[in-house]
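K.L.:
sequence and computational prediction follow.
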Amino acid sequence: MLLNSTILSLPSSSTSNLPKDSPYSITVTPHNFIPWRRTRKEAGTPRTLIKVSSLSSSSSSSSSSENQTAVVVPSQPQDEEAAPEVVRRFYAGINGRDLASVELLIAEKCVYEDLIFPRPFVGRKAILEFFKSFIDSISKELQFVIDDISSEDSSAVGVTWHLEWRGKAFPFSKGCSFYRLEMVDGKRKIIYGRDVVEPAIKPGEAALGAIRAVTWLLQQFPQLADQL
C-alpha cells in the first residue's frame, strides 16, 4: 500500500505532460487489480499502473512512498484488424449464424478447403453457400470453441478448436485450421482457409500399413505416380 498516495483514473496521454526538467520519474507496470470496487462494465477493462516518484533529493528516499502518485489508466484496446482478431470474429459469426458479418471477412477470390470434401470451395459466394448449408444442418447449440490460436504472424493464423453442445465437448469434433489473410480495400480479409477435422473412424496402425502398401506399389511401378 502506498502511504498518502492518490489514485486517479486518467487517460494515458496525461502522463506525457510532465516537463523535461520535472523532478519526477515514471514507472509503468501492467496492473489488472484496482484497489476499489468497480462496476461490472469496468471489471473487464485491462489497466496499467503508472507510479510517479520524487527524485528531488537523496535524503527523501526514506519517505519516498509518501511522495508517490499512482495513476491507473486503461490499456490500449486490441487491434480489430489484426489477423487473429479477424479469425476470432469469423468463428463468432459462424457461432452466431451471422453470415452477413462472415461475408465481410472473406475476400472475393478466397479458396476454402475442408478436407472431408473432395474439392475446395472457390470464391466468396461458394464459401458462403457452404457455410449456410452447414449452419442449417446443425443446431445453434453446437458451437465452435477455440482452444489455441497463433498471433505472431500478421498474414497467417493457425487455430485448434473443438465443438461443444450446451457447454459439453461434442464427440469426434476436434479440429485444426489454417488461414492466410491479406489487406483488401484497407481491410484484412481471409484469402485462404483449410480445415482438418478429427475422423469418426480411426484406423490407427492400419493407416500405417496402408501407407506402406501404397509406397511399395509406387516403388515397384513408378508410372503409377502419374495418376496420383
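P.N.:
Structure's in. What do you need?
K.L.:
in this structure, which spans are helices?
P.N.:
Counting by DSSP state H, the chain has helices at residues 40-43, 83-95, 99-103, 124-136, 205-220.
K.L.:
who's in contact with the last one?
P.N.:
Put plainly, it is helix 205-220. The contact list for helix 205-220 (CB atoms under 8 Å, 6 or more residues apart in numbering) reads 203, 224-225. Glycine gets a C-beta too; all of them are placed from N, C-alpha and C.
K.L.:
neighbour-wise, give me the winner out of the residues you listed.
P.N.:
Neighbour counts for the contacts of helix 205-220 (other CB atoms under 10 Å) peak at residue 224, which has 12 neighbours.
K.L.:
give me the pLDDT for that residue.
P.N.:
Reported pLDDT at residue 224 in the predicted model: 81.
K.L.:
now residue 195
P.N.:
97.
K.L.:
could you give the bridge partners of it?
P.N.:
Residues in a beta bridge with residue 195, per DSSP bridges, are residue 114, residue 177.
K.L.:
OK, contacts around it?
P.N.:
Contacts of residue 195 (CB under 8 Å, 6+ apart): 112-115, 175-177.
K.L.:
now list the buried members of the residues you listed.
P.N.:
112-114, 175, 177 (16 or more other CB atoms under 10 Å).
K.L.:
ok so, going back, need the max-distance pair from the contacts of residue 195.
P.N.:
Among the contacts of residue 195, the pair separated by the greatest distance (CB to CB) is 112 and 176, at 14.8 Å.
K.L.:
so where's the protein shaky on pLDDT?
P.N.:
Residues of the chain meeting the criterion pLDDT under 70: 1-80.
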